[in-house]
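Undergrad: pasting the sequence and the predicted model now:
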Amino acid sequence: MSSASTIEPTESVVAPKKGHPKGLYLLFATEMWERMSYYGMRALLVLYMTGAAEHGGFHWSRAEALKIYGTYTALVYLTPLAGGYIADRYLGQRRAVVLGGFLMMIGHFLMAVPGTAAFFAALTFLIVGNGFFKPNISTMVGGLYPAGDARRDGAFTIFYMGINLGAFLSPLVCGTLGEKLGWHWGFGSAGVGMGLGLVTFLAFSRRLLGDVGLRPAPRNQQKLGRPGEGDDYRATGAVETAALTPVEKDRLGVIFALAFFNIFFWAAFEQAGGLMTLYTDTKVDRHLFGLVVPTTWFQSINPMFIVLMGPLFSILWVRLAKARREPSTPAKLGIGLLLLSLGFVLMLGASKQTEHGGQAAMFWVVGAYFLHTVGELCLSPVGLSAVSKLAPARFASLMMGVWLLSSFVANYLAGLIGSYSERLGEFTLFATIVVVTAGAGAVLIALSPIISKRMHNPPPVVPAG
């Protein structure tokens, strides 16, 4: 940290112990089941809303369905602000996770009940439940380790694999049941998955988690350190009232700038669960080796690529750093936007193939998801890491909230953008996304020297070996 920052927590690097606490694997399993339920429901949602009434769907227009989808996924990123605050002040993280899981389980089972009243009630339970569950289970991962523990990065990598394992399995299980047996079988199975995660957490949390997340933060104290760095509470006083230094102001400005460009990425990326799902369902040749691949299975492509390529990217950044060729944080985000744009170029090829009533080859969509995933790996973990590094300790949670709010805006825009497909046609809409995301990426790369300077990073430490 720059010496111009007046108040920063200090920590020493803790020598890593062998292995990880068993509680990490409990949180891994709980998160895997929760993500399996969430992404299983997400894979079916727009198909259910636009499905024929005689087959149990609502038969709503694509525009209406995509607007509801965008509003739902946006609110999922908004409620964690309230859920995290309530947990910190009143419930404690562990009780918040149990409450959130229970509410989401009810929501999934309500999705299995026919009728619009049950449908909108289900979405409400899911949105509120996610607000309690999502921010607090992630924070408990950090709470397993003392500040400075060198095992923490590996722990979050393991936890991230749990997220993507659940996201990979969910369309295969919930999606298959929903498409083959009936929508409500798929939604009900998502509820069962959430229930299994909740039972697992309740059965082993006391034994494996100790006191982690059991109590709310002391009201007259502040958590020092960055998000996920353990429960290191100390008396506040001057920390809460200290004015921002010039360096801190620059860094906060960088966070807002990166959050702005983050909106462009996710507003386009989240077409995966909406417009691209509908497009795949109706205009892509899904025959493979004599079988028809269910539409929902395509939602497993992104997490599968993340699991396969995530470790490779971790190695890549280290090797580029050794060679002193690692791109800056803003440049990485810009590259992510360019790769996302390139993925939608493939969707232009698909829509060109279907403009005269034919069906597009499957490789267009798979290729697009591949490029989108590579772009995600350049942007998402890098952006989260940047926020945790740049935010002053006394504003760390608030700045994470700003980053989540950018995803809230992006998801709402994703539904709104997708709803224009009926009016503009897929080719025009995909072309617009290509131009806008490529333009945003190019601008961010051009501005990266200026933004990097305002980050006030210390000279890079080149890894040994």
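TA: Structure received.

Undergrad: isn't Val434 up against Gly343?
TA: No. Counting by CB atoms under 8 Å, Val434 sits too far from Gly343 to count as a contact (9.0 Å). Where C-beta positions appear, they are placed from N, C-alpha and C, glycine not excepted.

Undergrad: which one's more surrounded, those two?
TA: Gly343 (28 against 20; other CB atoms under 10 Å).

Undergrad: and the pLDDT for that one?
TA: Per-residue pLDDT puts Gly343 at 97.

Undergrad: can you confirm it is in a strand?
TA: No. Secondary structure of Gly343 (DSSP: H, G, I helix; E, B strand; the rest coil): helix, not part of a strand.

Undergrad: please name the residues that touch the residue lying closest to it once chain neighbours are set aside.
TA: Spatially, and ignoring its direct neighbours in sequence, Gly343 is nearest to Leu371 (3.5 Å; CB to CB, 6 or more residues apart in numbering). Applying CB atoms under 8 Å, 6 or more residues apart in numbering to Leu371 gives the contacts 339-340, 342-343, 346.

Undergrad: so what pLDDT did Leu371 get?
TA: Note on Leu371: pLDDT of 97.

Undergrad: ok, Ile315 next?
TA: At Ile315, pLDDT is 79.

Undergrad: which strands and helices sit next to the strand or helix carrying it?
TA: For Ile315, the host element (DSSP states H and E) is helix 301-322. Applying 3 or more CB pairs under 8 Å, 6 or more residues apart in numbering; DSSP states H and E, one finds that helix 301-322 contacts helix 152-170, helix 362-390.

Undergrad: make JSON lines from the contacts of Leu371 and add distance to Ala442 to it.
TA: Converted to JSON lines, these look like this (distance: CB to CB, whole Å):
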{"residue": "Leu339", "distance to Ala442": "13"}
{"residue": "Leu340", "distance to Ala442": "13"}
{"residue": "Leu342", "distance to Ala442": "13"}
{"residue": "Gly343", "distance to Ala442": "16"}
{"residue": "Leu346", "distance to Ala442": "19"}
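
Undergrad: which of these sits closest to Leu99?
TA: Leu340 (35.6 Å; CB to CB).

Undergrad: Three-state assignment for Arg325, please.
TA: coil.

Undergrad: burial measure for it, as a count.
TA: Count around Arg325 with other CB under 10 Å applied: 8.

Undergrad: ditto for the one 5 residues further on
TA: Other residues within reach of Pro330 by the criterion other CB under 10 Å amount to 26.

Undergrad: please, which helix or strand holds it?
TA: Here Pro330 is assigned to helix 329-353, by DSSP H and E.

Undergrad: by contact count, what packs against that helix?
TA: Against helix 329-353 (3+ CB pairs under 8 Å, 6+ apart) you get helix 246-269, helix 275-283, helix 362-390, helix 426-455.

Undergrad: same thing but 7 Å
TA: helix 246-269, helix 362-390, helix 426-455 (3 or more CB pairs under 7 Å, 6 or more residues apart in numbering; DSSP states H and E).

Undergrad: out of these, which is closest to Val307?
TA: helix 362-390 (10.0 Å).

Undergrad: next up, the contacts around the residue lying closest to Val434 once chain neighbours are set aside.
TA: Nearest residue to Val434, sequence neighbours excluded (CB to CB, 6+ apart): Phe344, at 4.7 Å. The neighbourhood of Phe344, defined by CB atoms under 7 Å, 6 or more residues apart in numbering, consists of 268, 368, 430, 433-434.

Undergrad: what comes up buried for stretch 269-278?
TA: 269-278 (16 or more other CB atoms under 10 Å).

Undergrad: what's around Ala117, how many residues?
TA: 10.

Undergrad: noted, bye for now.
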